[in-house]
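Student: Build me a model from this:
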Amino acid sequence: MTAQPVLDFHVRLAPRPGAAERLVSTLDECGLERAVVCAGGTIDLDRLSRQLIEGGHIETDADNDAVLDACAGTDGRLVPFYFANPHRPAEAYRSRAAEFRGLEVSPAVHGIGLTDPRVTELVGVAAEFNHPVYAVCLDRPGAGVADLAGLARRFPEVNFVLGHSGIGNIDLYALTLIRDESNILLETSGGYTCVAEAVLSRLGAGRVVFGSEYPLQHPSVELAKFQALRIPPEQWRQIAWDNAHRLLGEEKR
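Tutor: Numbers count the residues shown, from 1 in each chain. This next block holds a predicted model:
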């Protein structure tokens with residue numbers, strides 16, 4: 001299946017020695033040609049798992065500079081996204097937006113919901129720079145998939161990506177919530193095969209992007225999910241390559 005080119009729309013890079021080299025080596029190992037890179041290592045995983053259940057937040061900035069450094073000199077193979085901290089003024093993003101290709105917001109990390117005016121202001125900046133917005137949703141007021149759908153309605157000119165197949169491993173309801181918002185695509189890391197299959201039948205291959213959440217998930221695991229589905233090559237081409245390039249404004253690449 002990887003005979004066709006693949007762009008992994010969601011990998012993370014922690015600011016640790018050798019992390020960029022390990023990322024590139026993993027891409028090579030899995031036959032992945034490109035990847036969208038967001039900052040990782042912003043929050044300890046034990047704390048993150050607790051926040052997912054009990055709530056809470058950190059106010060720490062992601063290391064966006066490490067992402068830029070890793071992407072520099074790769075001739076576009078690694079594509080940098082800005083991981084915003086809504087506890088900071090949106091100007092922090094605006095002042096550097098031209099260096100990046102997209103925006104990520106995560107209520108799971110920073111504890112600020114998608115209905116918060118601070119997130120709205122960040123999305124407004126994304127609209128100015130034609131950036132897609134990658135969002136991780138939670139099962140709590142203001143941070144759910146329905147809230148992302150509301151944000152997409154407010155900004156119809158912005159493309160959004162619902163990360164990790166929605167909330168949990170079997171979020172078929174998310175597909176219903178985003179169905180009528182054509183500017184929301186689904187990124188498939190983490191979800192069960194049944195969700196990947198359902199999004200193809202309910203929303204179509206044109207609204208799906210492949211992602212792995214490396215290094216927390218090895219790309220080979222996520223590739224196996226689509227191999228098991230045995231989807232037609234033309235659908236896999238959309239999911240693995242074409243849709244991502246459309247989001248990045250590189251439709252003719």
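
Student: centre of the chain versus the helix-or-strand element of the chain with minimal mean pLDDT, how much separation?
Tutor: Counting by mean pLDDT, DSSP states H and E, the chain has its least confident helix or strand at helix 45-54, which shows a mean of 92. Mean-position distance between helix 45-54 and its chain equals 19 Å (Cα atoms, centre = their mean, to the nearest Å).

Student: And for stretch 17-31?
Tutor: 19 Å.

Student: what does stretch 237-252 give?
Tutor: 14 Å.

Student: contacts for that stretch?
Tutor: 4-7, 9, 34, 36, 79, 101-102, 130, 132, 159, 161, 185, 188, 205-210, 226, 231, 253 (Cβ atoms under 8 Å, 6 or more residues apart in numbering). The way it works is simple: take the backbone N, C-alpha and C, and place the C-beta from them, glycine included.

Student: buried sites along it?
Tutor: Arg237, Gln238, Ile239, Ala240, Trp241, Asp242, Asn243, Ala244, His245, Arg246, Leu247, Leu248 (16 or more other Cβ atoms under 10 Å).

Student: So which of the contacts of stretch 237-252 sit within helices?
Tutor: Per DSSP state H, helices hold the following members of the contacts of stretch 237-252: Phe226.

Student: and the contacts of stretch 237-252, which of them are in strands?
Tutor: If you go by DSSP state E, these have Leu7, Phe9, Arg34, Val36, Val79, Val161, Leu185, Val208, Val209 in strands.

Student: Now, of these, which are buried?
Tutor: Leu7, Phe9, Arg34, Val36, Val79, Val161, Leu185, Val208, Val209.

Student: Dig out what the first one forms beta bridges with.
Tutor: For Leu7, the beta-bridge assignment (DSSP bridges) gives partners Arg34.

Student: Same question for the fifth one.
Tutor: With DSSP bridges as the criterion, Val79 is bridged to Val36.

Student: before we move on, the earlier item: so which two of the ones in strands among the contacts of stretch 237-252 are the farthest from each other?
Tutor: Farthest pair in the ones in strands among the contacts of stretch 237-252 (Cβ to Cβ) is Val79 and Val208. Separation: 18.0 Å.

Student: okay if I get the buried residues of stretch 237-252 as CSV plus distance to Leu172?
Tutor: Converted to CSV, the buried residues of stretch 237-252 look like this (distance: Cβ to Cβ, whole Å):
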residue, distance to Leu172
Arg237, 25
Gln238, 21
Ile239, 18
Ala240, 22
Trp241, 26
Asp242, 25
Asn243, 20
Ala244, 23
His245, 28
Arg246, 25
Leu247, 23
Leu248, 28
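
Student: Tyr173: which of those is nearest?
Tutor: Ile239 (21.2 Å).

Student: For the residue sitting nearest the centre point of the chain, which three-state class applies?
Tutor: Nearest residue to the geometric centre of the chain (Cα atoms, centre = their mean): Tyr134, 4.3 Å. Secondary structure assignment for Tyr134 (DSSP: H, G, I helix; E, B strand; the rest coil): strand.

Student: Distance check, it against Leu186.
Tutor: 11 Å (Cβ to Cβ, to the nearest Å).

Student: okay, and the common contacts of the two?
Tutor: Common neighbours of Tyr134 and Leu186 (Cβ under 8 Å, 6+ apart) are Val161.

Student: Find the helix or strand that Val125 is a member of.
Tutor: Using DSSP states H and E, Val125 sits in helix 117-128.

Student: same for that helix, what does it pack against?
Tutor: When contacts are defined as 3 or more Cβ pairs under 8 Å, 6 or more residues apart in numbering; DSSP states H and E, helix 117-128 packs onto helix 91-94, strand 103-105, helix 145-154.

Student: Give me the buried positions along the last one.
Tutor: Residues of helix 145-154 classed as buried: Val145, Ala146, Asp147, Leu148, Ala149, Leu151, Ala152 (neighbour count, 16+ other Cβ under 10 Å).

Student: Same question for stretch 28-41.
Tutor: Cys30, Leu32, Arg34, Ala35, Val36, Val37, Cys38, Ala39, Gly40, Gly41.
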